[in-house]
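Undergrad: below are the sequence and a predicted model for it; my questions follow.
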Amino acid sequence: METLIALTLSSLVVLLAAHTFLVQNRFHATQRLRTMAQDNVRGATELVAREVRTALADGILVAGPRTLTVRSPVAVTLVCSRQGVPNLDVYNDGGEAALDTEEIAGAARRDPGTGAWEAVNAPWTALDGSTADPAGNCAENGADTTGVAGSFHRLALSGSFFSTNPRSGDLVMLFRETTFEIRDSELEPGSLGLFRAAYGDPPVEFATGIDTSMRFRYRVAGGGYSDTVSAGALASIDAVRLTAAARKPPPTGGAADVTFGWTVTIPMRTVR
């Protein structure tokens, strides 16, 4: 009898210990999945927010519930010399070496009178000028090139590129265009993914496990938020709201998916 009682008590202790272990293991597995979901959502929203915050005025080109295209600056250059019809000599800190030329999608000229930007799409291979002496030309126009000759570069932007040829002293911006798209995940079938595509490049999935509730919304001229904005109202968008949610299947023994929701409202800082 004493042996039976001891075996029974021992069995109860083992079962209790095993149950405690399983509960703790499930708890830690759930926490790990929740952390993964949070990292997915926060990383995705931060990448989108960075592009929207630096967008040009009139920089939202496509505004849909699951597609957003943003035009944002790479570098702002100052025209210091114009050589013939097609060539502009410009100054930007660090010169070409400081630019990520693969992401450049075009150039924009700032109208000195209105402050508006006239943007034209073109790859860097079309924008890059000749290998003449831009620093020497700018020095002849009064620019101080001492010790910074490498920060001067030639761009092929005059002629018919813009409606009005830039002049010495005008600002010319090199910009990128980025498209964010929410669609079926290629890395995690059965869920959605957030894809990013630079101008002219195929989209790349950088966030997986996205829930179907994720979407972009837009505020127009200080009004309410809507999922879609017509082409004629794109210039009036002054804020973008990203509602994001990640979903992970439950850990072994879990009853429900692990989810994390996150909403970020991103004001457009350069709206006129």
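TA: In hand now; what should we look at? Numbering: from 1, shown residues only.

Undergrad: C-alpha coordinates for whichever strand or helix holds residue 194, CSV please?
TA: For residue 194, the host element (DSSP states H and E) is strand 192-198. The C-alpha trace of strand 192-198 is given here as CSV (Å, rounded to 0.1, in the frame of the first residue of the first chain):
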residue,chain,number,x,y,z
LEU,A,192,0.4,38.6,-47.4
GLY,A,193,3.8,40.2,-47.8
LEU,A,194,5.0,43.8,-48.1
PHE,A,195,7.0,44.4,-51.3
ARG,A,196,9.3,47.3,-52.2
ALA,A,197,10.4,48.2,-55.7
ALA,A,198,12.8,50.9,-56.8
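
Undergrad: just checking: what are the partner strands of that strand?
TA: strand 171-184 (antiparallel), strand 204-210 (antiparallel) (DSSP bridges).

Undergrad: looking at these, which has the lowest confidence?
TA: Lowest mean pLDDT within the strands paired with strand 192-198: strand 204-210, a mean of 83.

Undergrad: that one: which residues count as buried?
TA: Of the residues in strand 204-210, 205, 207, 208, 209, 210 count as buried by neighbour count, 16 or more other CB atoms under 10 Å. Where you see a C-beta, it was placed from the backbone N, CA and C, and this is true even at glycine.

Undergrad: sorry, back to before: pLDDT of the strand holding residue 194, averaged?
TA: 90.

Undergrad: can you check stretch 63-70 too?
TA: Rounded mean pLDDT across stretch 63-70 is 94.

Undergrad: list the contacts of it.
TA: 48, 51-52, 55, 59-62, 177-183, 214-218, 227-229, 234, 237, 240 (CB atoms under 8 Å, 6 or more residues apart in numbering).

Undergrad: these, buried ones only, as a PyMOL selection?
TA: Filtering the contacts of stretch 63-70 down to the buried ones (16+ other CB under 10 Å) takes a single PyMOL command:
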select buried, resi 48+51+52+55+59+60+61+62+177+178+179+180+181+182+214+215+216+217+218+229+234+237+240
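
Undergrad: show me the shaky parts of this protein.
TA: 6, 9, 11, 13-41, 85, 158, 247-260, 269-272 (pLDDT under 70).

Undergrad: please enumerate the helices of it.
TA: 2-53, 124-127, 134-140 (DSSP state H).

Undergrad: now for the buried residues of strand 204-210, which pair is the farthest apart?
TA: 205 and 209 (10.8 Å; CB to CB).

Undergrad: what touches both of the two?
TA: 185, 193.

Undergrad: reformat the strands paired with strand 192-198 as CSV; add distance to residue 73.
TA: Listed next are the strands paired with strand 192-198 as CSV, based on distance: least, CB to CB, whole Å:
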stretch, distance to residue 73
strand 171-184, 5
strand 204-210, 22
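
Undergrad: residue 87 contacts residue 159, doesn't it?
TA: No - the criterion here is CB atoms under 8 Å, and residue 87 misses it with residue 159 at 9.1 Å.

Undergrad: look at these two and report which has more neighbours.
TA: The residue with more neighbours, out of residue 87 and residue 159, is residue 87; 19 against 11, by other CB atoms under 10 Å.

Undergrad: what's opposite that one in the beta bridge?
TA: residue 83.

Undergrad: distance of it from residue 79?
TA: Residue 87 sits 11 Å away from residue 79, going by CB to CB, to the nearest Å.
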